[in-house]
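> Return a 3D structure for these sequence lines:
(2 chains)
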Amino acid sequence: MSKTFFPGGIHLKDSKERTRDLPIELFKDPEVVVILMSQHLGKPAKPIVQAGDKVKIGQLIGEAQGDFSANVHASISGEVIKVAPAPHPVSIEDMAVTIQNDHQSEWYQTPNVKKENGLFSREELLEIIKKNGIVGMGGATFPAHIKLNPRNPVDTLIINGAECEPYLTCDFRLMMEQSDALLNGIRTILELLPVKQVIIGIEENKKEAIEQLKTQIEKAVFSVQVRVEALQEKYPQGAEKNLIFALTKRTVPVGKLPFDIGVVVQNVATVIAIYEAVHLKKPLIDRVLTVTGYGIKEPKNLRVKIGTPVQELIAYCQGNTENPGKVVFGGPMMGVAIRSLETPIMKATSGVLVLNGNISYQENQCIRCGKCIENCPTGLMPVKITESAKIGEYIQYEKLFVTSCIECGVCSYNCPAGIPILNYIRLAKAEQMKRRNQK
Amino acid sequence: MNLLSISSSPHIRSGITTRNIMLSVCAALLPSAVIGMAYYGWWQIGLLLVIGVLTAVLSEAILQKILHIPFSYLDGSAALTGLLLVLTISPMSPWWMPLIGSFVAILSKQVFGGMGQNPFNPALIGRATLLLSFPIESTQWIMPYSHVTTATPLNLYKMANFGSEGLNQVVASLGGTLQLAYRSLLLGLRGGSIGEICFPAMLIGFLFLLFTKVVSWRITCSYLVTVIVLSLLFKLDVVVMLLSGGIVFGAFFMATDYVTSPLLPKNQLIFGFGVGFINMIIRRFSGMPEGTTFAILIMNIITPLLDQSIKKPVGFVQEVKKL
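Take a look at the predicted model:
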């Protein structure tokens, strides 16, 4: 029996068939990259280059500001032509550094980190991860050096290979093609995080990856137990709290974080990025993503430089760049629709989906079917939050635990009346956050 | 700059719509409707069904126009209400009964603001109105095929105060032996409302709704279990109690109405229990022969109260334990 979370969750058509068997292709370096300073959870990084500066691949161009911020690096070599706001998927516009490619592909020499007996100390490892700007690449963009330095002792490391969003196949391809790097990344994390077990959770629609990793782990040597677990194909299996429950039967208490119950979760791509940073001295300057969807004729899995404008990827995959429809960064359930084709690829862009933009969803009256309650993986009552949000009944928000919502979108997806339930929840959530901060 | 159309996530939808759901329930009622026509006359019952459904849809359109409610008369919910109403009235009903019943049913929904806002099951309001306004026309029962005037088995049982004498009368009216009587009850060869008589037909429809996940088992099961337990407690014949009136139809298709039943699983169990309890109290102790309609309507009043309760999210209990 494969493992899963409950309550709630839904079965989605996985729509991965078009790209799941396509090897990762290297996307040629673009003429121009636009590197956003805000690609992580915390404050935007501060640009430390000016127009006219020459930069090399891997050179620091944005300095982290504060704890939850992360460094940003040049992904190509060339000349900085602009330090100005550029389209951002979430905040519409944000500061970015634009680099003109000189096609020299020169690497910036990272100063050597002190090494004792060929081994890094815990602090050195954290410093390397921090310096190289590694953030959670599954979508949450939580800086890795914070996640790997938990306040509480942790005993379990979970590697998230669930990839429960439909369409996306980039994590699957990484597990198939870079499994050595993945296992080495796990070893690296084990050096700085003394856990008792490592669990790699993979949804069972990725059987090949499960088999391959199992075989490799059997042969490999680890300091602790490392095992692969097949997860039921159920959305949102890869959501952090659901994944933890599915694999360890531990529940993250309301308002707490995974490390409070002794667990750290890292996405497959992040683990590989950590390996590359520590062993190849490579900052987070590129990532693998899936370009697919209704409007893409030749879907692909691509390794793309951070900062590549999305229209180049759509053009490369034979999509319509004139009137593409709806373009989504990420998966169809949790991804963000972007407003400009000039929006650059970011550290957490796991996919570029071109969907039919002409679908309009009519909002009808709620028939009180209760499907949103039944399917909510967090055990909330979306219908009641919607009722309250519609009339601004904010007294109810606390009682309805609006801030616990993980925004997986299952409620909106399933609503027979076509009510954008999650939008109402977001309204309530924002209001509740504001009120909390005022207190 | 060429701007794209945007929307917030999720960017895909399941495709399940209100209309799908309403039409599924209509489909689930088809076996019962067909059996009703076969038993009581194709033309006669067919006419009642057509009048009931058309009146419901037309009333919804007209009332939505008058009350300035956005048009949704073709979403299947009005048709479903009309269908449900006709299936719960007497096969001897004159043509104007579904007309009035359907109109009142839809009116009871629209005056509260339409879909999702009605506190009472519309079809049952229609039926209750007919029952109270036209008691004679509403309680004329005939046997299937032969169309001989008869009393419902439940009524016979009740007239004898649910004693063994009453049971004997039920058995006598349904073939002579207990076994034959049970068989008749199961197949619906008895007097009763158009759609409520044939258990297998209703079961097929209900299983369809269960497997397509349109309804959950909770309300139906807790309703039926309560009826069975109370029947045993009151020392009544369980089979006769279950199959002689409208309980099965009510438990399968009426009590499970989304709008007028509670949201949370736990409350659905309470709701089902409440309906079963009130139903049995009415049957056993009141002057009325049948209590399904009023039992469900009474519990409909409780639904908003039950819906006040708030479910705790995942991870809540653990936190309390720690403190």
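> how near is B:Y223 to chain A?
17 Å (CB to the nearest CB, to the nearest Å). (Each C-beta comes from the backbone N, C-alpha and C, glycine too.)
> That residue - how many residues pack around it?
32 (other CB atoms under 10 Å in any protein chain shown).
> Name all residues that make contact with it.
Applying CB atoms under 8 Å, 6 or more residues apart in numbering or on different chains to B:Y223 gives the contacts B:247, B:250-251, B:255, B:272-273, B:275-276, B:279.
> Within the helices and strands, which one has it?
helix B:218-233 (DSSP states H and E).
> That helix: which residues count as buried?
The neighbour-count check on helix B:218-233 (16 or more other CB atoms under 10 Å in any protein chain shown) flags B:218-220, B:222-224, B:226-228, B:230-231 as buried.
> next SSE after it?
helix B:238-243.
> residue of chain A with the smallest distance to chain B?
Proximity of chain A to chain B (CB to the nearest CB) peaks at A:G409, 3.3 Å away.
> What residues does A:V33 make contact with?
Counting by CB under 8 Å, 6+ apart, A:V33 has contacts A:74-76, A:98-99, A:101, A:305-309, A:344.
> Look up how far chain A lies from B:A33.
Distance from B:A33 to chain A, by CB to the nearest CB: 23 Å.
> So for that residue, what's the pLDDT?
Here, the pLDDT recorded for B:A33 equals 97.
> just the one 5 residues further on next, same as before
The pLDDT attached to B:A38 in the predicted structure is 95.
> mind checking which helix or strand it is in?
helix B:18-40.
> Whichever helix or strand comes after that helix - contacts with which helices or strands?
Following helix B:18-40 in sequence order, the next helix or strand is helix B:42-66 (DSSP H and E). Where contact means 3 or more CB pairs under 8 Å, 6 or more residues apart in numbering or on different chains; DSSP states H and E, helix B:42-66 is packed against helix B:18-40, helix B:77-87, helix B:96-110.
> for those helices, which one sits closest to A:S404?
helix B:18-40 (28.2 Å; CB to CB).
> got the buried residues for the helix holding B:A38?
So helix B:18-40, judged by 16+ other CB under 10 Å, has buried residues B:18, B:20-26, B:28-29, B:31-37, B:39-40.
> who's in contact with the residue in the stretch 1-150 of chain B that chain A sits nearest to?
Relative to chain A, the nearest point of the stretch 1-150 of chain B is B:P10 (3.3 Å; CB to the nearest CB). When the contact criterion is CB under 8 Å, 6+ apart, the partners of B:P10 are A:332-334, A:409-410, A:412-413, A:422.
> Swap in 10 Å and give it another go.
A:12, A:165, A:235, A:328, A:331-335, A:407-414, A:420, A:422 (CB atoms under 10 Å, 6 or more residues apart in numbering or on different chains).
> Please report how far it lies from A:E407.
Computed with CB to CB, to the nearest Å, the distance linking B:P10 and A:E407 is 9 Å.
> shared neighbours of these two, which are they?
By CB under 10 Å, 6+ apart, the residues touching both B:P10 and A:E407 are A:333-334, A:422.
> hmm, back to that, can you tell me which residues contact the closest residue in space to the residue of the stretch 1-150 of chain B closest to chain A that isn't next to it in sequence?
In this structure, B:P10 finds its nearest non-sequential neighbour in A:G409, 3.3 Å apart by CB to CB, 6 or more residues apart in numbering or on different chains. Neighbour list for A:G409: A:10, A:235-236, A:331-335, A:420-422, A:425, B:8-13 [criterion: CB under 10 Å, 6+ apart].
> Now, these that are in strands?
Among the contacts of A:G409, none falls in strands (DSSP state E).
> Please produce a PyMOL select command covering the buried subset of these.
Buried members of the contacts of A:G409, defined by 16+ other CB under 10 Å, are picked up in PyMOL with:
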select buried, (chain A and resi 10+235+236+331+332+333+334+335+420+421+422+425) or (chain B and resi 9+10+11+12+13)
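> mind checking how far stretch B:282-289 is from the chain centre?
19 Å (CA atoms, centre = their mean, to the nearest Å).
> Pull it out as PDB, backbone CA atoms only.
Taking Å, rounded to 0.1, in the frame of the first residue of the first chain, the C-alpha atoms of stretch B:282-289 are listed here in PDB:
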ATOM      1  CA  ILE B 282     -45.000  10.800  14.100                       C
ATOM      2  CA  ARG B 283     -45.800   7.400  12.800                       C
ATOM      3  CA  ARG B 284     -46.200   5.800  16.200                       C
ATOM      4  CA  PHE B 285     -47.800   8.500  18.300                       C
ATOM      5  CA  SER B 286     -49.400  11.200  16.100                       C
ATOM      6  CA  GLY B 287     -52.700  11.200  14.200                       C
ATOM      7  CA  MET B 288     -51.000  11.300  10.900                       C
ATOM      8  CA  PRO B 289     -50.400   8.000   9.000                       C
END
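> Contacts for that stretch, please.
So stretch B:282-289 is contacted by B:131, B:139, B:151-152, B:154-159, B:161-162, B:227, B:230-231, B:233-234, B:236, B:241, B:244-245, B:247, B:290-295, B:298 (CB under 10 Å, 6+ apart).
> Repeat the analysis, applying 8 Å as the threshold.
Contacts of stretch B:282-289 (CB under 8 Å, 6+ apart): B:139, B:152, B:154-155, B:158, B:162, B:230, B:234, B:236, B:241, B:245, B:290-291, B:294-295.
> Of the residues you listed, which is the nearest to chain A?
B:A295 (20.2 Å).
> can you count the residues close to that closest one?
B:A295, neighbours per other CB under 10 Å, totals 28.
> Would you agree it falls within a helix?
Yes. Assessed by DSSP: H, G, I helix; E, B strand; the rest coil, B:A295 belongs to a helix.
> thought it was touching B:G272?
No. Under the criterion of CB atoms under 8 Å, B:A295 makes no contact with B:G272, lying 10.7 Å away.
> All the helices of the stretch 1-150 of chain A, residue numbers only.
Ranges of helices in the stretch 1-150 of chain A, per DSSP state H, counting those that start in this stretch, are A:122-131, A:144-147.
> Same list (those helices) but as a markdown table, adding distance to chain B, mean neighbour count and mean pLDDT.
Output for the helices of the stretch 1-150 of chain A, formatted as a markdown table (distance: least, CB to the nearest CB, whole Å; neighbours: other CB atoms under 10 Å in any protein chain shown; pLDDT from 0 to 100):
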| stretch | distance to chain B | mean neighbour count | mean pLDDT |
| --- | --- | --- | --- |
| helix A:122-131 | 29 | 18 | 91 |
| helix A:144-147 | 19 | 22 | 93 |
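> And those: which comes nearest A:M137?
Of the helices of the stretch 1-150 of chain A, nearest to A:M137 by CB to CB is helix A:144-147, at 9.0 Å.
> Name the surrounding residues that touch the next helix or strand after that closest one.
Going down the chain from helix A:144-147, the next helix or strand is strand A:156-161, by DSSP H and E. For strand A:156-161, the external contacting residues (CB under 8 Å, 6+ apart) are A:138, A:171-172, A:175, A:182, A:186, A:189-190, A:193, A:195-203, A:206, A:209, A:238, A:240, A:243-244, A:247-248, A:262-268, A:271.
> Which helix or strand lies directly C-terminal to strand A:156-161?
Next along the chain after strand A:156-161, with elements defined by DSSP H and E, is helix A:170-177.
> Pull out the buried residues from that next one.
A:170-176.
> surely B:G276 meets B:L224?
Yes. Counting by CB under 8 Å, B:L224 is a contact partner of B:G276 at 7.1 Å.
> just to revisit the earlier point, most widely separated two among the buried residues of helix A:170-177?
A:C170 and A:M176 (10.8 Å).
> So B:N161 versus chain A, what's the distance?
Taken as CB to the nearest CB, the span from B:N161 to chain A is 40 Å.
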